[in-house]
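Asks: let me see the structure of the following:
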Amino acid sequence: EPLLRAALAGMTRTLGRDDGDTQIAINSLAVLLHHLGRLDEAESLYREAAALGERAFGPEHPDTLTALANVASVLRSRGDLEAAEELMARTYDRVLGVFGETHPKPGEVAGTLGEIYADQGRFQAARPLLETALAITSGVEGDGTVDVARMKRNLAITLGRLGETTRAIELLRDVVRVRTSLLGAEHRDTLIATLDLANALVKDRQFDAAEPLFRDLVATCVRAVGEDDGTTIIATNSYAVMLMSQERYADAEPYLLDALAAGRRVQGEEHPNTVITELNHVAALREMGRLGEAAALGPGCIDRFEGVFGPRHPNTAVARGSYAQTLIGLRRHEEAERELLLAIDIRKAATGEDNPTFASDALRLARLMIDDGRLEDAEAVLREVEVTYRRARGDDARAVAEARVEIGRCRWQQRRFAEAEPLLLHGALALE
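Replies: Sure thing, here's the model as predicted:
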């Protein structure tokens, strides 16, 4: 940072603030500050670089477009996904107009726009952009480069969220192979790719393949980067989550506590890794029936999520939804409903009314209402979930079937048997 600031100060004195080389220096400093998490400073400099680029080079110059894309990236880092999407989409259109569809620059911007859509849970919209980014970059660089491996990783994660786990796993195996060959088995990027592969195997319920991979990964992380490194902490936490996926909560807790202690010691209470691990520990306590402990930790966990990510970030909605589950277990339904409504509102504001990311909390809310005998309220919530899922993922999506089963439950309890039966049968067949 001191070197970049000195270079910028020298260029400003010698060339002036509006010079094109000064614009490049401003952007370089902003990139560093962005990586350091100093988002206010980074955004201010990115915006200055974009404005200077327009004056020095013109609105269609590559450096100007790069600066605009960087502004969108920092907005994404802030969790302001709507603004990030709007700016990146405009930049993508301009990049296409300047460079055409086969140039590397549109591929780069398409990939970032696809990642923003994925952050919003709009995986169907993300997929073609990520496919485009991969096709362009592999066409220019070949199939075995670091950039192509990164784009395969991004596409694989999105495919996994769309339920296409077989192709996702194939892509991730290729990413691990390429990174191992180019970077080595103990390089951080290879370790991250191995972690992605292990998580994909868990999602596909291939626990027999995932568990030894996780054990080897954690051991390699400790050896290669140390037990207090962020990658090791994430891998340890993910191994615990895999154990939780098998309802092995007692086995998971020691790993969660190890990851949590390391995170607090090295990264601090307010680091994203630390608060996410803490949330997973609270979930494990809840599932082990230690509801009092989980409930006592819940509000503090939410406070830390708000401090780290912001009160309107989708991750904060996850923390509120988790706390609501604990409150439901304690039969504190009125408090749970407030938390679920807040979580749903945050998700809708972040990703849009038509995005199904709010549906998991909406399903919990509907089930709470059913338990309280508020069947008409529950059915209205479930109808919204069904319509949103059907619009986003099609009639055959598993989530649509789950919503229809719950609607069937509502109608059955209202003694509307003729209406309930086809919904229950259709849902049961779809979920088999």
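Asks: got any ranges where the chain has weak pLDDT?
Replies: In the predicted model of the chain, residues 432 satisfy pLDDT under 70.
Asks: centre-most residue in it?
Replies: D119 (5.0 Å; CA atoms, centre = their mean).
Asks: quick one: the helices in the stretch 201-350 of the chain?
Replies: Under the criterion DSSP state H, counting those that start in this stretch, the stretch 201-350 of the chain carries helices at the ranges 207-224, 230-245, 249-262, 272-287, 291-309, 314-329, 333-351.
Asks: how about TSV for those, with mean neighbour count added?
Replies: Every C-beta, even on glycine, is put in place using the N, C-alpha and C of the backbone. Converted to TSV, the helices of the stretch 201-350 of the chain look like this (neighbours: other CB atoms under 10 Å):
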stretch	mean neighbour count
helix 207-224	17
helix 230-245	23
helix 249-262	19
helix 272-287	23
helix 291-309	18
helix 314-329	23
helix 333-351	20
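Asks: turn those helices into TSV, columns for distance to L33.
Replies: Formatted as TSV, the entries for these read as follows, by distance: least, CB to CB, whole Å:
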stretch	distance to L33
helix 207-224	28
helix 230-245	19
helix 249-262	26
helix 272-287	18
helix 291-309	18
helix 314-329	22
helix 333-351	24
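Asks: give me the phi and psi angles of the residue nearest to the centre of the chain.
Replies: phi -60, psi -30 (degrees, to the nearest 10).
Asks: do the same with Q120
Replies: Q120 adopts backbone torsions of phi -80, psi 0, taken as degrees, to the nearest 10.
Asks: neighbours of it, how many?
Replies: Residues near Q120, counting by other CB atoms under 10 Å, number 22.
Asks: for it, what are its contacts?
Replies: Applying CB atoms under 8 Å, 6 or more residues apart in numbering, one finds that Q120 lies in contact with 81, 85, 350-352, 355, 357.
Asks: skipping its backbone neighbours, what lies nearest G20 in space?
Replies: Closest residue to G20 in three dimensions, ignoring its sequence neighbours and counting by CB to CB, 6 or more residues apart in numbering: A56, at 4.2 Å.
Asks: swap in R5?
Replies: In space, R5 comes closest to L29 once its chain neighbours are excluded; the distance is 6.5 Å by CB to CB, 6+ apart.
Asks: alpha carbons of the helix or strand encompassing that neighbour, as PDB, please.
Replies: With elements delineated by DSSP states H and E, L29 resides in helix 20-35, which encompasses its position. C-alpha atoms of helix 20-35 as PDB (Å, rounded to 0.1, in the frame of the first residue of the first chain):
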ATOM      1  CA  GLY A  20      -4.600   8.400 -18.000                       C
ATOM      2  CA  ASP A  21      -1.600   6.900 -16.200                       C
ATOM      3  CA  THR A  22      -2.800   8.400 -13.000                       C
ATOM      4  CA  GLN A  23      -6.200   6.800 -13.600                       C
ATOM      5  CA  ILE A  24      -4.400   3.400 -13.800                       C
ATOM      6  CA  ALA A  25      -2.600   4.100 -10.500                       C
ATOM      7  CA  ILE A  26      -5.800   5.000  -8.800                       C
ATOM      8  CA  ASN A  27      -7.400   1.800 -10.000                       C
ATOM      9  CA  SER A  28      -4.400  -0.300  -8.800                       C
ATOM     10  CA  LEU A  29      -4.600   1.200  -5.300                       C
ATOM     11  CA  ALA A  30      -8.400   0.600  -5.300                       C
ATOM     12  CA  VAL A  31      -7.900  -3.000  -6.200                       C
ATOM     13  CA  LEU A  32      -5.600  -3.500  -3.200                       C
ATOM     14  CA  LEU A  33      -7.900  -1.800  -0.800                       C
ATOM     15  CA  HIS A  34     -10.800  -3.900  -2.100                       C
ATOM     16  CA  HIS A  35      -8.800  -7.100  -1.400                       C
END
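Asks: quick one: the residue nearest to G20 and V31, what's the gap?
Replies: Relative to V31, A56 is positioned 18 Å away (criterion: CB to CB, to the nearest Å).
Asks: same check, this time on D143
Replies: In this structure, D143 and V31 are separated by 28 Å, where distance is defined by CB to CB.
Asks: quick one, which of the two is more surrounded?
Replies: Taking D143 and V31 together and counting by other CB under 10 Å, V31 has the greater number of neighbours (19 against 13).
Asks: thinking again about what came up before, the residue nearest to R5 contacts L4, correct?
Replies: Yes. L29 lies in contact with L4 (CB atoms under 8 Å); the separation is 4.5 Å.
Asks: check the offset of stretch 131-143 from the chain's centre.
Replies: Offset of stretch 131-143 from its chain centre (CA atoms, centre = their mean, to the nearest Å): 23 Å.
Asks: got a list of contacts for it?
Replies: For stretch 131-143, contacts defined as CB under 8 Å, 6+ apart pick out 101-104, 106-108, 110-111, 114, 145, 147-148, 151-152, 154-155.
Asks: next, check the residues you listed against the helices and list the overlap.
Replies: Among the contacts of stretch 131-143, the members found in helices (DSSP state H) are 104, 106-108, 110-111, 114, 147-148, 151-152, 154-155.
Asks: need the contact list for the closest residue to M244 other than its chain neighbours.
Replies: Of all residues not flanking M244 in the chain, A252 sits nearest, at 4.8 Å (CB to CB, 6+ apart). With contacts taken as CB under 8 Å, 6+ apart, A252 has the following neighbours: 240-241, 243-244, 284.
Asks: state the distance from the closest residue to N315 other than its chain neighbours to I192.
Replies: Leaving aside its sequence neighbours, N315 sits nearest to F309 (CB to CB, 6+ apart; 4.6 Å). Between F309 and I192 the computed distance is 21 Å (CB to CB).
Asks: again with A418
Replies: A418 sits 53 Å away from I192, taking CB to CB as the criterion.
Asks: who's more crowded, these two?
Replies: Applying other CB under 10 Å to A418 and I192 shows that I192 carries more neighbours, namely 19 against 8.
Asks: hang on, that one packs against T231?
Replies: Yes. In this structure I192 lies within contact range of T231 using CB under 8 Å: 6.5 Å.
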